[in-house]
Structures are given as C-alpha cells and as structure tokens.
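Peer 1: Please work out how this folds:
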Amino acid sequence: MPETIVINGKSIDRGEKVLTKLVISKLPSGTVIEIPVYVFRSVHDGPVVLLMAGMHGDEVNGTEIIRRMLSKKMLYPLKGTIIAVPVLNIYGFLNFSREMPDGKDVNRSFPGNREGSLASRMAYRFMKEVVPYVDFGIDFHTGGASRANYPQIRCLTDSMRNEELARAFAAPFIMNSPYRQGSLRKEASKLGKAILVYETGESLRFDEKGINIGIEGTCRLLHHLGMMANYTPAAEETVLCLKDVWVRAKNAGLWRTFVKIGELVKKNQHIGSITDPYGEMEVRLTAPATGYVVGINNMPVVNQGDALLHIAY
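Peer 2: Reported below is the predicted structural model:
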C-alpha cells in the first residue's frame with residue numbers, strides 16, 4: 001500500500017478519509033460534471049480495494065449498495081485502503097441512460113483516450129487517476145433493457161485469485177465470464193488488478209434481495225482480506241457455473257415465462273411460450289440444458305431473436 005495516494009491532484013495519506021471529485025467535463029449549459037470519489041485509508045498496511053457502481057447510469061442497485069455502506073460508515077478499513085465510487089457515469093445517471101451523451105458505452109471504452117469521445121475521456125481519466133492504486137475491486141452492475149439478473153459474481157475462473165475472491169464474496173452464483181473488449185475488467189487485468197463484476201436486478205429498479213446480498217458479500221470479501229472484522233455468512237450455497245446459454249425468441253409476439261429467476265430447470269422442460277396478440281399462434285419454448293435461471297427478460301412484447309432466459313450450468 002503506498003504511503004500517499006494522489007487523486008485529482010489531492011494527496012491522501014494513511015489514516016485519512018477524504019472525498020475528492022474528478023472533474024470530467026461540462027454540460028452544454030456550463031454545469032460542471034464531477035465524479036465523487038471517496039477514499040478511506042487505514043494507518044496499517046494492506047490492499048487497496050475499489051468499490052464502484054454506475055458505470056451504466058440506469059443501473060442503480062450498485063449505487064444503492066455503496067450508498068448504504070457509506071451511510072452506515074461500513075467502509076473504514078482495519079488495514080489498507082477502500083476507494084468507493086457510487087456513480088461513475090454521472091451523465092447516464094442524470095438521464096436514466098446506459099450510455100454517455102455521445103451514445104458510447106463507458107465499459108467498452110477502456111483504457112480510453114485523452115483526446116477521444118466523451119466516454120473514452122472518462123475511461124482514460126479513471127484509468128490514470130484511480131486504477132493504478134487498486135489491487136482488487138468490485139464493479140457493481142444491473143441487468144439492462146428489462147432484463148433482470150439473479151445475484152451473481154462474474155469473473156474469469158481460470159484465475160485462481162479471481163475464483164478465491166469470488167468464493168469469499170459468496171454470491172448465490174459464480175459465473176465464468178470471459179473478458180470483453182474495452183471493459184474495465186479486461187484493461188485492469190493487464191495491469192495485474194483483479195476486478196469482480198457483481199450483477200443483480202433490473203435497471204431503474206431496486207432489487208432489495210440483491211442489494212442486501214451485495215452488501216453482505218462485500219463485507220465477506222473485505223473480511224477475507226483482513227480489512228473488516230464483522231461479516232454475515234452467506235444464506236445460500238454458492239454454485240459455480242462454467243457455461244451458460246441464452247434462450248432466444250423464435251418468433252415475435254407476447255412472451256410468457258413459466259419459471260422463476262434463480263430456479264433450477266431441466267433439459268427440455270417447458271419454460272415459456274410466445275403467442276401472437278390474437279390467440280391464433282403459440283410457440284412453446286424448452287430449456288436447452290439443465291441449469292439455473294440466472295437472468296430473465298421481463299418485457300412482455302418481444303421480437304424474433306430477443307434474449308429471454310439466461311441459463312447457467
């Protein structure tokens with residue numbers, strides 16, 4: 001752990017608790033857009049852990065997880081440093097949107113470019129100001145476009161360190177998830193940083209179960225790293241899923257599911273149907289494999305090819 005961390009030109013020494021704000025740009029109105037960054041440092045040596053949310057502005061569950069932990073003063077580490085960023089994509093948060101005003105996805109814009117698009121500039125600033133100090137991190141996400149996720153940790157399980165951290169977090173599911181081009185997780189891995197992705201719920205809606213699991217899992221991970229004394233054991237056994245598949249709509253129409261998120265389904269089980277609006281057509285959908293429903297599309301009107309159920313096994 002470094003003696004001094006410098007973020008946004010501000011030096012933060014051991015034992016300090018600081019809120020600093022990264023100035024990213026301005027709105028056309030001239031309003032300054034800043035990203036609040038909370039830094040909690042122990043005097044004792046230890047790892048630097050990043051807790052961040054709001055990469056996509058409409059994904060509010062992660063923001064609520066960090067907000068509650070800040071409010072309850074749960075982020076004062078026994079050793080090491082915790083860096084907490086409740087909302088990264090301030091633009092999207094203000095506009096209830098996944099993307100930045102330039103239409104770009106911040107999580108496909110890393111490592112960024114100082115002279116690039118707005119999303120690329122934000123990614124660049126974050127990579128330069130925050131990521132170099134980080135040893136481990138949790139990137140909190142939520143399902144998008146009316147799709148809900150059951151609480152899950154996504155990581156590359158080929159890495160023993162990643163799986164160790166994921167099992168310490170102890171979400172109901174650990175998903176083996178390859179790196180995606182332009183993601184924070186991939187770019188951080190190139191620097192030797194282990195970033196887990198926690199997914200729960202649906203965009204623009206609070207998922208209380210997932211929020212509570214996210215808080216408890218974060219405490220378990222911090223306890224595992226020796227940074228927190230108290231934690232709550234996981235209520236559900238963690239299931240490691242190495243493969244997954246999306247069931248997609250064979251036809252456009254009205255989608256109805258016959259299973260619940262988190263449920264175990266059997267191969268060839270009848271899991272839902274698509275009908276036309278007039279009662280003249282019905283297409284039955286069956287599970288392509290035995291596994292758990294870790295994601296579900298709650299949109300009743302679907303187009304051909306839309307992702308409907310996410311099954312992990």
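Peer 1: Give the residue farthest from the middle of the protein.
Peer 2: Distance from the centre of the chain peaks at E280, with 41.1 Å (C-alpha atoms, centre = their mean).
Peer 1: can I assume T63 sits in a strand?
Peer 2: No - using DSSP: H, G, I helix; E, B strand; the rest coil, the assignment for T63 is helix, not a strand.
Peer 1: Need the contact partners of the helix ranked longest in the chain.
Peer 2: Taking DSSP state H as the criterion, the chain has its longest helix at helix 208-224. Contacts to helix 208-224, defined as C-beta atoms under 8 Å, 6 or more residues apart in numbering, come from residues 49, 51, 61-62, 64-65, 68-69, 74, 77, 82, 136, 138, 140, 149-151, 153, 165, 168-172, 198, 200-201, 228-234. The C-beta positions use only the backbone N, C-alpha and C, and glycine is treated the same way.
Peer 1: Beyond it, next helix or strand please.
Peer 2: Helices and strands here follow DSSP states H and E; after helix 208-224, the next one along the chain is strand 239-241.
Peer 1: The very next helix or strand once past that following strand pairs with which strands, parallel or anti?
Peer 2: Where DSSP H and E defines the elements, the next helix or strand beyond strand 239-241 is strand 244-248. If you go by DSSP bridges, strand 244-248 pairs up with strand 307-312 (antiparallel).
Peer 1: in the strand it pairs with, what's buried?
Peer 2: 308-312 (16 or more other C-beta atoms under 10 Å).
Peer 1: same check, this time on stretch 88-100
Peer 2: 88-93, 97-100.
Peer 1: And stretch 38-56, by the same measure?
Peer 2: For stretch 38-56, by 16+ other C-beta under 10 Å, it's 38-42, 46-56.
Peer 1: Tell me how many other residues crowd the closest residue to L191 other than its chain neighbours.
Peer 2: Nearest non-adjacent residue to L191, counting by C-beta to C-beta, 6 or more residues apart in numbering: V131, 6.8 Å away. Counted with other C-beta atoms under 10 Å, the neighbours of V131 add up to 20.
Peer 1: Quickly note the distance from V131 to S203.
Peer 2: As judged by C-beta to C-beta, to the nearest Å, V131 and S203 stand 25 Å apart.
Peer 1: Wait, a strand at the residue farthest from the centre of the chain?
Peer 2: No - checked against three-state DSSP, E280 lies outside a strand; its state is coil.
Peer 1: Now it: phi and psi?
Peer 2: Main-chain dihedrals, E280, degrees, to the nearest 10: phi -100, psi -10.
Peer 1: what about it, distance to V301?
Peer 2: Separation of E280 from V301 (C-beta to C-beta): 17 Å.
Peer 1: K243 now?
Peer 2: Between K243 and V301 the computed distance is 30 Å (C-beta to C-beta).
Peer 1: same thing with D13?
Peer 2: As defined by C-beta to C-beta, D13 lies at a distance of 56 Å from V301.
Peer 1: What remains of the contacts of helix 208-224 if I keep only buried residues?
Peer 2: Buried members of the contacts of helix 208-224, scored by 16+ other C-beta under 10 Å, are 49, 51, 61-62, 64-65, 69, 74, 77, 82, 136, 138, 140, 149-151, 153, 165, 168-172, 198, 200-201, 228, 231, 234.
Peer 1: which non-adjacent residue is nearest F173?
Peer 2: Excluding its sequence neighbours, the residue lying closest to F173 (C-beta to C-beta, 6+ apart) is Q152, at 4.1 Å.
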